[in-house]
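Engineer: Here is a sequence together with a model predicted from it:
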Amino acid sequence: MNSISTALPCASKKILISVFGLSEYELRLVRSVLSLTMASGRKHSYALFDASQAADPDIVILDPDNGQARAALQELIATRNIPEPATVFISNAGQAKPGKYHLLHPLVPTKMLALLDQVADELEKVLPAAFPASAAVVQKADMDKAAIVQPLVQKNLQAAAMQTAYRALIIDDSPTARIKIDLELRSMKIASDCAETGEQALQMLEKKNYDIIFLDIVMPGADGYEICKIIRRHPQTKRTPVVMLTSKSSPFDRIRGSLSGCSSYLTKPVEHLKFRAVVEKTLTAGDAIFTMDKNQDLAMGI
């Protein structure tokens with residue numbers, strides 16, 4: 001089965017994903033991840049394919065060891081008289097990995113999304129050859145957009161440079177929350193790692209430096225307030241910006257967050273514009289503190 005045999009008719013369209021052979025749990029997980037890609041700022045957005053739709057699926061996720069799943073895919077291809085879509089194979093560890101793109105059971109949301117983006121990027125490369133007229137329209141639209149956006153790009157060169165230089169740590173026991181924040185950070189070109197508990201995060205902080213930490217308050221084990229206090233007591237992380245995440249928004253929660261040493265506060269579910277504003281402000285403030293501390297150390301001969 002070919003890995004790539006179709007082209008996206010338009011780079012900005014919603015990319016349709018058809019799934020064959022996944023469990024109900026994995027299907028729910030896929031649906032949740034795809035719904036989060038509709039957030040503003042992403043290059044690609046995805047949705048589950050519906051057989052009632054006129055449009056055909058662009059990418060297929062298939063368990064090749066499931067005979068019924070393979071038969072269902074072939075029936076879809078025959079019924080709609082379409083080429084085989086780009087296919088991502090998902091199998092168990094230790095099994096043969098057919099095709100160019102593959103994932104392992106159980107699905108890891110961030111790995112799945114990264115692979116879907118890779119496939120979508122490669123599909124875009126064949127766009128000019130397959131749809132020359134559409135490519136010309138897209139090119140003209142991009143030129144028009146560039147004429148409008150260029151002054152803003154020049155104005156924000158410093159901010160863009162700041163964004164590409166940072167790595168974040170997301171500490172949250174909710175997979176959905178971690179994916180949402182990871183997507184927001186990706187749109188800002190900020191890399192991220194994830195931890196499900198505060199204890200796991202502390203181990204990661206011992207091995208790697210982070211420029212900003214997103215910390216959920218309500219977690220199994222130590223809560224966010226306690227973890228934040230530990231982060232602030234450690235010489236290596238005491239000045240790392242910490243953004244508290246909570247579904248609560250009472251003044252008392254904000255006071256507790258401030259007392260524990262957090263730099264800023266975000267209420268879940270995180271709003272796109274609010275998130276970007278808080279991240280940019282927090283990182284800029286962190287840079288100012290780091291520069292001031294470095295100058296003080298130099299003045300003291302440290």
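Structural biologist: Perfect, I can see it now.

Engineer: Residue 89 in helix, strand or coil?
Structural biologist: Assigned with DSSP: H, G, I helix; E, B strand; the rest coil, residue 89 falls in the strand class.

Engineer: and the closest residue to it other than its chain neighbours, how many neighbours?
Structural biologist: Spatial nearest neighbour of residue 89, excluding adjacent residues (CB to CB, 6 or more residues apart in numbering): residue 102 at 4.5 Å. C-beta here means a position set from N, CA and C on the backbone, and glycine is covered the same way. By the criterion of other CB atoms under 10 Å, residue 102 has 18 neighbours.

Engineer: now do residue 89
Structural biologist: Neighbours of residue 89 (other CB under 10 Å): 22.

Engineer: Please apply the same query to residue 78.
Structural biologist: 9.

Engineer: Mind listing what's buried along whichever strand or helix holds it?
Structural biologist: For residue 78, the element it lies in under DSSP states H and E is helix 67-80. Across helix 67-80, burial judged by 16 or more other CB atoms under 10 Å covers 69, 70, 73, 76, 77.

Engineer: what residues does it touch?
Structural biologist: 18, 20-21, 51, 56-57, 60, 62-64, 82-84 (CB atoms under 8 Å, 6 or more residues apart in numbering).

Engineer: what mean pLDDT would you report for it?
Structural biologist: Helix 67-80 comes out with an average pLDDT of 90.

Engineer: send the alpha carbons of it over as CSV?
Structural biologist: Presented in CSV, the C-alpha positions along helix 67-80 are these (Å, rounded to 0.1, in the frame of the first residue of the first chain):
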residue,chain,number,x,y,z
GLY,A,67,-8.5,-7.9,8.6
GLN,A,68,-11.9,-6.1,8.9
ALA,A,69,-10.1,-2.7,9.0
ARG,A,70,-8.2,-3.5,5.8
ALA,A,71,-11.4,-4.7,4.1
ALA,A,72,-13.3,-1.6,5.2
LEU,A,73,-10.5,0.7,3.7
GLN,A,74,-10.5,-1.2,0.4
GLU,A,75,-14.3,-0.9,0.3
LEU,A,76,-14.1,2.9,0.8
ILE,A,77,-11.5,3.2,-2.0
ALA,A,78,-13.6,1.1,-4.4
THR,A,79,-16.9,2.8,-3.5
ARG,A,80,-15.5,6.3,-4.0
